[in-house]
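> Mind looking at a prediction? Sequence and model below.
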Amino acid sequence: MVRRRQRAEEETAQAVVRGESPAPVRTTGPWDADDDYPEAERVDLGGLRLPVGPGFEIQLSMAGDQVDGVIVLVEESALQVNAFAAPKRSGIWDEVRAELAREVVAAGGSADDRDGPFGPEIAAEVPAQGQAQGRQPVRYVGVDGPRWFLRAVISGRAAVDPEAARILEDVVRGIVVVRGDEPMPPREAIQLRLPAEARQAMEEQQGSGREEFRPFERGPEISEIR
């Protein structure tokens, strides 16, 4: 905690010397890895540290052979989270939100801007997938952080029930984004990885010749829209 505070103070002082406006101090999550964030039980996924709770089922979203997102299932609700690189001095949620709204409408759905607990968000209805008919309600939430952007998609009961939504909103508030220092183009996905325990179990099962170990199955997702 002390180290993170000292680093934040040093970066603020450097910004003042360069004549830049220092980044505002965060009072709630999602958090940056350098923030003085509260301790909680979290799963370390590399680029994200995800809070967990009783009854949570966690699945990973794959892009080819890379892990690019995480899905949290709680009862009749789902939360899909992806983190992306963003410019240092400007957020991208306004731009991404407009693109999302256009593409949802083009796909036969509806999209309305509204204020949510994290700022502007999209309350949408998207065409149901699979054998389901009609539309399904979805909330698109975005948070601009220091050199990163976090997108959360809430579906199922939590998209329309405030009580169910609070559980998943608290997950978003507890997320820690580990952007890293390496240069990345804006909108490039921040890669995730299996927790160390899951990787070890997978290697042991593969080494024994038993059936492939799959600690996370690809779960139900809202179609990727960028």
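All right, it came through fine. Numbers count the residues shown, from 1 in each chain.

> what about the most centrally placed residue in the chain, helix or strand, and which?
In the chain, the residue lying closest to the centroid (C-alpha atoms, centre = their mean) is Val81, at 2.9 Å. If you go by DSSP states H and E, Val81 is part of strand 77-85.

> Run through the strands of this protein in chain order.
31-32, 42-44, 48-51, 57-63, 66-74, 77-85, 110-116, 119-127, 135-145, 148-156, 176-177 (DSSP state E).

> can you list contacts of the last one?
Right, the one you point to is strand 176-177. Identification of contacts with strand 176-177 by C-beta atoms under 8 Å, 6 or more residues apart in numbering yields 29-33, 35, 37, 42, 47-49, 83, 145, 148, 150, 190. Yep, even glycine has a C-beta here, placed from its N, CA and C like the rest.

> again, only this time at 6 Å
Residues external to strand 176-177 that are found in contact with it (C-beta atoms under 6 Å, 6 or more residues apart in numbering): 31-33, 37, 49, 83, 145, 148.

> what's the farthest-apart pair in the residues you listed?
Within these, two members stand farthest from each other by C-beta to C-beta: Tyr37 and Ala83, at 15.2 Å.

> quick one: average pLDDT of the strand holding Val81?
Taken as a whole, strand 77-85 has an average pLDDT of 97.

> cool, stretch 179-197 as well?
90.

> can you check stretch 133-141 too?
pLDDT averaged over stretch 133-141 gives 94.

> rewinding a little: columns distance to Ala165 on top of the strands of the chain, output as JSON lines?
Listed next are the strands of the chain as JSON lines, based on distance: least, C-beta to C-beta, whole Å:
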{"stretch": "strand 31-32", "distance to Ala165": "20"}
{"stretch": "strand 42-44", "distance to Ala165": "21"}
{"stretch": "strand 48-51", "distance to Ala165": "16"}
{"stretch": "strand 57-63", "distance to Ala165": "18"}
{"stretch": "strand 66-74", "distance to Ala165": "11"}
{"stretch": "strand 77-85", "distance to Ala165": "8"}
{"stretch": "strand 110-116", "distance to Ala165": "9"}
{"stretch": "strand 119-127", "distance to Ala165": "11"}
{"stretch": "strand 135-145", "distance to Ala165": "8"}
{"stretch": "strand 148-156", "distance to Ala165": "7"}
{"stretch": "strand 176-177", "distance to Ala165": "21"}
